[in-house]
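Participant: Fold the following for me, if possible:
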Amino acid sequence: MFKHILVPYDGSKNAMAALEKAIELSDAVGAKITILTVYRHHSLLEASFSMVRKDTPEPIDDAMRDYAKELCEQAKARAKELGAENVRAVVKNGPVARGIVSFAETNEVDLIVMGGRGLGSVESYLLGSVSHKVTGISDCPVMIV
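Facilitator: Now for the predicted structure:
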């Protein structure tokens, strides 16, 4: 049924719930799991609302990349604790929703499993959540947890 499950991960409780559901599905059908964290460039104004730690003195994009890598590795470690065997973690930069869908298209993903509300910026409250955007533009099935 499913051979490759993509889990967009931002460190939120909903993203962790999605990861747990993806592991459950993977166990049932033998699919591999890819955990994907997509970060985007933030202006100085947006940085105050982002996942950048305020005590980080490095350039914002570097801090975002480093934090995204940290999140991805934590999620991968948690997945392995929960019994996932075929799991990898990937970090990408760019528009979040389009980045998720583009990754799914180029990596033969059969299913995207993601949280309904994550740690998005103020923009998500004004323009809609990432999960909503992904469901609108993805050609593969999307499960919202």
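
Participant: where are the low-confidence patches of the chain?
Facilitator: Along the chain, the parts satisfying pLDDT under 70 run over 41-58, 117-128.

Participant: Now do the strands in it.
Facilitator: Ranges of strands within the chain are 4-8, 32-39, 87-93, 111-114, 142-144, based on DSSP state E.

Participant: what would those look like in JSON lines with mean neighbour count and distance to S131?
Facilitator: Backbone N, C-alpha and C define where each C-beta goes, glycine included. Output for the strands of the chain, formatted as JSON lines (neighbours: other CB atoms under 10 Å; distance: least, CB to CB, whole Å):
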{"stretch": "strand 4-8", "mean neighbour count": "26", "distance to S131": "8"}
{"stretch": "strand 32-39", "mean neighbour count": "24", "distance to S131": "13"}
{"stretch": "strand 87-93", "mean neighbour count": "18", "distance to S131": "17"}
{"stretch": "strand 111-114", "mean neighbour count": "26", "distance to S131": "5"}
{"stretch": "strand 142-144", "mean neighbour count": "18", "distance to S131": "5"}
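
Participant: List the residues that contact G83.
Facilitator: I23, D27 (CB atoms under 8 Å, 6 or more residues apart in numbering).

Participant: Save the strands of the chain as CSV, and put in distance to Y67 too.
Facilitator: Formatted as CSV, the strands of the chain follow (distance: least, CB to CB, whole Å):
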stretch, distance to Y67
strand 4-8, 15
strand 32-39, 8
strand 87-93, 10
strand 111-114, 19
strand 142-144, 24
